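[1] Give me a model of this one.
(one chain, ligands or ions: 1)
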Amino acid sequence: MAQTEKRLPENIEGDLYVDSTCIDCDACRQIAPAMFRDHGGQSSVYRQPRTSDESLQALMALVSCPTASIGSISRRSARDAARAFPTHVTQNVYFCGFTSEASFGAWAYLIVRPDEQGGNVLVDSPRFTSPLVRRIEQMGGVRLMFLSHRDDIADHAKFAQHFGCPRVMHRGESPAALGVEQILSGTDAIRIDKDLQAIPTPGHTRGHQVLLYRDDVLFTGDHLAWSPARETLVAFRDVCWYSWTEQTRSMAKLLPYRFSWVLPGHGRIHGASAEEMHGHLERCVAWMKTAG
Ligand code: SF4
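    All right, here's what the predicted structure looks like:
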């Protein structure tokens, strides 16, 4: 829980604040950009909510903060905000909120599908917390967990146990040690079912993989994300743990695929036409070749 005595001086006066435990994961700034800003290495509240919609957004940021660094002096109820997750992104894809410090605030997503189409898929893992688990139960539970790589899987074991679902991970992440049930291998894309393809993208880590849904939504883990500052798709050179050369090769491997959404673990979500996304991806690959 946030503590008033740790309130950062960069916060504007008022009820909501960020304290010094903020790890600069960016979640609050994405969820409630009208209230939270980056003041340099951490977040702070630069405007207090003015409407009930803004208040809900700010409290959704509060419940999603991985380090519980956002506080309310009046101790506003965050019950409605907690119930707002998973929140809709596009088609039948939802952002789970409730990020975990164990994965540095990485974002996890839920694909909601009828059982006859294979059922729901949880992409990476949020924090295992009662309000979220209840909402996911109401939305049909989880039939499969897709794990992009080791860094973003937080409470995967608790979700797998609770929902009795298998987890899918690439061999390069040493998944057997994590108790993962379905282990993929090799460098070729693997069709998990009719509308899901796992595409190995080694680079950020040895066994990183992305998930393509309906040839339209690409779940990218820590491989690829949107940069609002550069207004294009980017990879993260400074947190490439395995091989930048491999990651560049893996990025080029995505060029033949069509998608109009990028939903990353870290970095920003972006949607555009498939043609625009292809252009951004081409620019990203070209930039990566010069950034080695
Ligand atoms: S969500 Fe929490 S940890 Fe992340 S930037 Fe905001 S205050 Fe900091």
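
[2] make it CA atoms for all contacts and neighbour counts henceforth
    OK.

[3] Find me the pLDDT at His170, would you?
    For His170, the pLDDT comes out at 98.

[4] Distance of it relative to Tyr213?
    17 Å (Cα to Cα, to the nearest Å).

[5] ok, the two, which is more surrounded?
    Taking other Cα atoms under 10 Å, His170 and Tyr213 do not tie; His170 has more neighbours (29 against 19).

[6] Would you confirm that that one contacts Ser185?
    Yes: His170 lies in contact with Ser185 (Cα atoms under 8 Å); the separation is 5.7 Å.

[7] how many other residues sit next to the closest residue to Lys6 other than its chain neighbours?
    Nearest non-adjacent residue to Lys6, counting by Cα to Cα, 6 or more residues apart in numbering: Asp19, 5.0 Å away. Neighbourhood size, Asp19 [other Cα under 10 Å]: 24.

[8] Let me see the contact set for Gln42.
    22-24 (Cα atoms under 8 Å, 6 or more residues apart in numbering).

[9] Give the closest residue to the residue of the stretch 151-292 of the chain found nearest the ligand in space, chain neighbours not counted.
    Nearest residue of the stretch 151-292 of the chain to the ligand, counting by Cα to the nearest ligand atom: His266, 11.0 Å away. Computed as Cα to Cα, 6+ apart, the closest residue to His266 that is not its neighbour in sequence is Ala106, at 5.4 Å.

[10] Identify the residues contacting that neighbour.
    Taking Cα under 8 Å, 6+ apart, we find Ala106 in contact with 25, 99-100, 126, 152, 265-266.

[11] Pull out the buried residues from the helix or strand harbouring Glu275.
    Per DSSP states H and E, Glu275 falls inside helix 274-290. Within helix 274-290, the residues scored as buried using 16 or more other Cα atoms under 10 Å are 274, 277-278, 280-282, 284-285, 288.

[12] Please state the mean pLDDT value computed over that helix.
    Per-region confidence: helix 274-290 scores 97 on mean pLDDT.
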